[in-house]
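Q: predicted model and sequence below, questions to follow.
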Amino acid sequence: MTISTPVKEEKKQTTALAPRRANPLYSLQEEMNRLFEDFTRGFHKPLWMEPVSDFNARVDMKDSEKNVVVTAELPGVELKDIEVSLEDNSLVIRGEKRSEKEEKDKNFYRMERSYGSFYRVLPMPCAIEKDAIEASYKDGVLKVTLTKSKEAVSNGTKIQIKAG
C-alpha cells in the first residue's frame, strides 16, 4: 500500500514583465546594451551617436545700482540669427546656430551640417526702462544693457546687517 501525500501547488507571482524576461532574445538585447555602454564609457561617442544640436547659450546677468547687464556667449552664431526682446518684464534671447563643415580629398568628400535653435528667458529683478535698452554683438558675445526704471532705482533701500 502506498500512501500519497497531496502536493501543494505553489502559486507563482506573475508580472507584466515576466513574459519578456523569459524570452532569451530580450535577455540578449539587455546584455548587448550593457556591454556596448560599458565599452563606450570614457570614450567620445562617434559622430552618428551625438545629438544634432546640444547648443545652449551660456548667460551671465549682473545687477548694478542703475543697470542690469546680460552677456550671452553665442559662438558661431551670426548676428542675423539672433533676436532679443523684452516680454512681460523678462529678457528673451532666441536664435539659431548653423554650422557647415566641408572636407575634400582625392579619396573622399564629407559635408556636415548642424542646425540648432536656442531660447533663453531671463526674468528681470525690477522694472526696466523700455526705451533705454542697448544691445551689441561682437566676437560671439551678446551684451544687453537694461536701464532700471526710476521707480526701481529710488525704491532700493540698503539694509544694515548686524553681526550676531
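A: Cool, the structure landed. Numbers count the residues shown, from 1 in each chain.

Q: ranges for the helices of the protein?
A: Assigned by DSSP state H, the helices in the chain fall at 18-22, 24-40, 150-155.

Q: among those helices, which is nearest residue 108?
A: Counting by CB to CB, residue 108 lies closest to helix 24-40 out of the helices of the chain; the figure is 24.8 Å. All C-beta spots, glycine's among them, are computed from the backbone N, C-alpha and C.

Q: closest to residue 90 out of the helices of the chain?
A: With CB to CB as the criterion, residue 90 lies closest to helix 150-155 of these, at 15.0 Å.

Q: if we can go back for a sec, let's have the helices of the chain in JSON lines, adding mean pLDDT, mean neighbour count and distance to residue 142.
A: Formatted as JSON lines, the helices of the chain follow (pLDDT from 0 to 100; neighbours: other CB atoms under 10 Å; distance: least, CB to CB, whole Å):
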{"stretch": "helix 18-22", "mean pLDDT": "56", "mean neighbour count": "11", "distance to residue 142": "50"}
{"stretch": "helix 24-40", "mean pLDDT": "77", "mean neighbour count": "10", "distance to residue 142": "36"}
{"stretch": "helix 150-155", "mean pLDDT": "76", "mean neighbour count": "12", "distance to residue 142": "23"}
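
Q: want to throw these into JSON lines with distance to residue 108?
A: JSON lines is the format used below for the helices of the chain (distance: least, CB to CB, whole Å):
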{"stretch": "helix 18-22", "distance to residue 108": "43"}
{"stretch": "helix 24-40", "distance to residue 108": "25"}
{"stretch": "helix 150-155", "distance to residue 108": "59"}
